[in-house]
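**Student:** model the structure of this input:
(one chain, ligands or ions: 1)
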Amino acid sequence: MGEPILKIDNLRTSFRIKDDYYPAVDGVSLTVNKNELLAIVGESGCGKSALAFSIMNLHSRAKIEGNISFKGQNIANLPTSKLNKLRGKDMGMIFQDPLTALNPLMIIGEQIGEILLIHGTNSAEKRKERVIELLNKVGIPRPEHVFNQFPHELSGGMRQRVVIAMAIANNPELLIADEPTTALDVTIQSQILDLIKELKEESGAGVILITHDLGVVAEMADRVAVMYAGQIVEIADVYTLFENPLHPYTRSLLNSVPTANEEQSTLHVIQGVVPALQNLPREGCRFSARIPWIADSAHEKNPQLHEVSPGHFVRCTCYKDFHFPDRDKEGNRHVVS
Ligand SMILES: Nc1ncnc2c1ncn2[C@@H]1O[C@H](COP(=O)(O)OP(=O)(O)OP(=O)(O)O)[C@@H](O)[C@H]1O
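**Tutor:** Model (predicted):
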């Protein structure tokens, strides 16, 4: 694993709702190293996209506090003119929906070419050469033809490849992919993910991959951060996270993935949903309401991340007493009345 490329320290991103600000990202600290893929997982509404958008400074009206250090420079709240020098060059982003990332009125060749032009490739001939090279790289057949097409003339999978080509056009050192395959069918999904993995391995970029899909995490990630209600509740290398998940939320997420073994018949699916931003509990363990059978005394008053083994952090002490409702702490099944 390489040296750190991104260091986030105590990030808090708040949105204004009526007259108050509510943090959607609440005290997140993490590091991404060169040649490392950090997966961020959690249910809808946990703050994953809010975190990604904060790094790229793409929120139009959010309050951002804390430190985001990219290659040693604090980029939180950097003026747009300075940020634009980084975005699309040193940092690239792949969005959930390729259509929103593409300009419907511009041919593909011009859209990718524009990113090259902004960052200094002045010769039109060189830009065209590079665009064709990029289209080839992301597996687009007949790149010369696609160069002159508009986004609506391409399939969803091809459009997402174009977005990836744009994100990597200037060989970024950090790539953020926010649910990059959500809009795509399964076979295309795995091709796109292979492409992201290949890019990381080829260029040594640091990658943040936001996904709901734990299968994808197991296959792609070096490390995994689990987010719940705006906070990281567990972070570990991928092997440790799957072999020894500790936080009740992580265990519930993993437990809700159907497998072919006998556990499937005894799946305990976590009840409830992530509360709306205005209703998030801000004190105590934010997950406690969803595991009501765990005693209040098991939770910390002000839950901290504890390093339980090197690089493996878990928030709150409730993991020590956690069990699913139909099991005891040792994992033995008992009948619930
Ligand atoms: N611009 C905004 N204004 C107000 N609230 C917002 C805004 N953007 C996001 N939120 C709220 O912040 C919380 C976190 O949202 P976010 O989109 O980051 O979640 P997520 O984990 O990425 O979910 P998904 O997987 O559905 O994208 C949610 O409660 C969401 O409703």
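**Student:** I'd like to know which elements the helix or strand bottoming out on mean pLDDT in the chain is packed against.
**Tutor:** Ranked by mean pLDDT, DSSP states H and E, the helix or strand of the chain with the weakest confidence is helix 98-101, at a mean of 80. Other helices and strands packing on helix 98-101, by 3 or more Cβ pairs under 8 Å, 6 or more residues apart in numbering; DSSP states H and E, are helix 156-168. To be clear about C-beta, it is placed using only N, CA and C from the backbone, and glycine gets the same treatment.
**Student:** separation between the residue nearest to the spatial centre of the chain and Val226?
**Tutor:** Ranked by distance to the mean C-alpha position of the chain (Cα atoms, centre = their mean), the top residue is Ile210 at 2.3 Å. Using Cβ to Cβ, to the nearest Å, Ile210 is found at 12 Å from Val226.
**Student:** which residues are common contacts for those two?
**Tutor:** Residues within reach of Ile210 and of Val226 at once, by Cβ atoms under 8 Å, 6 or more residues apart in numbering, are Val41.
**Student:** beta-bridge partners for the residue nearest to the centre of the chain, please?
**Tutor:** Using DSSP bridges, the beta-bridge partners of Ile210 come out as Ile40, Asp178.
**Student:** so it sits against Ala50, correct?
**Tutor:** No: using Cβ atoms under 8 Å, Ile210 is not in contact with Ala50, being 10.6 Å away.
**Student:** on that earlier part again, near the ligand, anything from the least confident helix or strand of the chain?
**Tutor:** No: using Cβ under 6 Å from any ligand atom, helix 98-101 never reaches the ligand; the gap is at least 13.1 Å.
**Student:** restricting to C-alpha, output that helix in CSV.
**Tutor:** Only the C-alpha atoms of helix 98-101 are listed here, as CSV (Å, rounded to 0.1, in the frame of the first residue of the first chain):
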residue,chain,number,x,y,z
PRO,A,98,-24.1,9.0,-16.2
LEU,A,99,-26.8,11.1,-17.9
THR,A,100,-26.6,13.9,-15.3
ALA,A,101,-22.8,14.0,-15.7
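**Student:** any buried residues in that helix, and which?
**Tutor:** Pro98, Ala101 (16 or more other Cβ atoms under 10 Å).
**Student:** doesn't Cys275 fall inside a helix?
**Tutor:** That one is not Cys; residue 275 is Pro. No: applying DSSP: H, G, I helix; E, B strand; the rest coil, one finds Pro275 to be coil, outside a helix.
**Student:** that one and Arg290 touch, don't they?
**Tutor:** No: under the criterion of Cβ under 8 Å, Pro275 lies out of contact with Arg290, with a separation of 9.6 Å.
**Student:** of those two, who's got more company?
**Tutor:** Arg290 (19 against 14; other Cβ atoms under 10 Å).
**Student:** number of residues surrounding the residue lying closest to that one once chain neighbours are set aside?
**Tutor:** Among residues not flanking Arg290 along the chain, Gly272 sits closest, at 4.7 Å (Cβ to Cβ, 6 or more residues apart in numbering). Neighbours of Gly272 under the rule other Cβ under 10 Å: 11.
**Student:** what strand or helix carries Gly272?
**Tutor:** According to DSSP states H and E, Gly272 maps onto no helix or strand at all.
**Student:** give me the distance between it and Arg251.
**Tutor:** 15 Å.
**Student:** Ile132 belongs to a helix, doesn't it?
**Tutor:** Yes: under three-state DSSP, Ile132 falls within a helix.
**Student:** residues contacting the closest residue to it other than its chain neighbours?
**Tutor:** Using Cβ to Cβ, 6+ apart and skipping the chain neighbours, the partner closest in space to Ile132 is Pro143 (4.9 Å). Counting by Cβ under 8 Å, 6+ apart, Pro143 touches Val131, Ile132, Leu135, Asn136.
**Student:** give me that answer again for 10 Å
**Tutor:** For Pro143, the contact set (Cβ atoms under 10 Å, 6 or more residues apart in numbering) comprises Ile108, Gly109, Val131, Ile132, Glu133, Leu134, Leu135, Asn136, Lys137, Ala165.
**Student:** burial count for the last one?
**Tutor:** When counting by other Cβ under 10 Å, one arrives at 27 neighbours for Ala165.
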